[in-house]
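> need a structure here:
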Amino acid sequence: MEDFLTLEGIIGLALLTLVELVLVVDNALVVILQCKPLPENQRRLIERLGLIQGAVVRIILLTALSWLTALTAPIGIIENVLGLSISYNELISLVGGLVLMWIAIKHYNDLGMYHHHMRSKKTPSPALILIQILGVNLIFSLDSVLSAIGTVDSYPIMVTAVMISVLVLLTSVGKISRIIESNPNLKVFALSLVFLIGGFLFAEGLGAHIEKNQLYAAMGFGLFVQVAYMRKRTRLYADPEMKKRIEPLKEALNEADSL
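Numbers count the residues shown, from 1 in each chain. Model (predicted):
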């Protein structure tokens, strides 16, 4: 409980919740696409079950990886075979950091590509959809869980951030997805944070000690720049003359994205 009462804990929870929320929206959009073939009376229930399933998967992975990162003794088989003294903590930091940076780059390249998902010609059963969603949740949970481990040291704060993001999503998934779809720079910002956290994890795996406060300062500055940009963009669109000039360019870019 003390973790939530410190300034570092409060800042860590706020920043991690923001990152988790943007990342889990990505997951939710794919879950919603998976549920499209279902009848309307079943779709909403399966969507919610899929999102709850995602939260459970995240917490299980988070618990397992948090336990492994607490093991600081060298891994025997690696030490005996390769002669390298490396612990589970260092291994997860090294591999997790590389995975996070790869995921950030891959998602950045895939921005706006949701419409390319294949659609089934016949209606599958809800049980089959849930099994497919489980695979999606396992894949999408990696960046969420590794980001949590790289951002804060407190397990309760990690779980709280994941639960808050999922609860917010369950109550307002449509509104949040519309905000992020209309502000793609938010997704780019979140992916930049994921890449930064990946680099931080990788550096820790190599033995470099970086204070969490330095990570928070970088994330906070990025958030400040993002908010300033969004306010400026809102003011520009509020000007009818400027909006008239921007709209043709926006339409041309949307047409290029759909090719």
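
> Can you classify residue 230 as helix, strand or coil?
Under DSSP: H, G, I helix; E, B strand; the rest coil, residue 230 falls in the helix class.

> Could you report the neighbour count for it?
When neighbours are counted by other Cβ atoms under 10 Å, residue 230 registers 14. The C-beta positions use only the backbone N, C-alpha and C, and glycine is treated the same way.

> do you know how far it is from residue 10?
Taking Cβ to Cβ, to the nearest Å as the measure, residue 230 falls 23 Å from residue 10.

> Could you do residue 220 as well?
According to Cβ to Cβ, residue 220 and residue 10 sit 12 Å apart.

> cool, and residue 56?
According to Cβ to Cβ, residue 56 stands 26 Å off from residue 10.

> next one: residue 135
Going from residue 135 to residue 10 by Cβ to Cβ gives 35 Å.

> okay, these two: which has more neighbours?
The residue with more neighbours, out of residue 135 and residue 10, is residue 10; 13 against 10, by other Cβ under 10 Å.

> low-confidence ranges in the stretch 101-250 of the chain?
For the stretch 101-250 of the chain, the stretches with pLDDT under 70 are 107, 110-123, 139-140, 143, 173-184, 212-213, 215-216, 236-239, 241-250.

> So which residues of it form strands?
For the stretch 101-250 of the chain, no strands are identified by DSSP state E, counting those that start in this stretch.

> What segments of the stretch 1-150 of the chain are helices?
Ranges of helices within the stretch 1-150 of the chain are 7-35, 40-69, 76-82, 88-109, 126-151, based on DSSP state H, counting those that start in this stretch.

> Could you dump the ones you listed into a markdown table and include distance to residue 168?
As requested, the helices of the stretch 1-150 of the chain are exported to a markdown table (distance: least, Cβ to Cβ, whole Å):
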| stretch | distance to residue 168 |
| --- | --- |
| helix 7-35 | 6 |
| helix 40-69 | 11 |
| helix 76-82 | 41 |
| helix 88-109 | 21 |
| helix 126-151 | 14 |
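
> Report how many residues lie close to residue 52.
Residue 52 has 14 nearby residues by other Cβ under 10 Å.

> Actually, residue 34.
The local packing of residue 34 (other Cβ under 10 Å) involves 23 other residues.

> was I right about it contacting residue 51?
No: using Cβ atoms under 8 Å, residue 34 is not in contact with residue 51; the gap is 11.5 Å.

> how close does the residue nearest to residue 138 when sequence neighbours are not counted get to residue 96?
Leaving out its chain neighbours, the residue that sits closest to residue 138 by Cβ to Cβ, 6 or more residues apart in numbering is residue 57, at 6.1 Å. The spacing between residue 57 and residue 96, counted by Cβ to Cβ, is 17 Å.

> who has more neighbours, these two?
Set residue 57 next to residue 96 and count neighbours by other Cβ under 10 Å: residue 96 wins out with 25 against 21.

> give the contact list for the more buried one.
Listed by Cβ atoms under 8 Å, 6 or more residues apart in numbering, the contact partners of residue 96 are 65, 146, 149, 150, 198, 201, 205.
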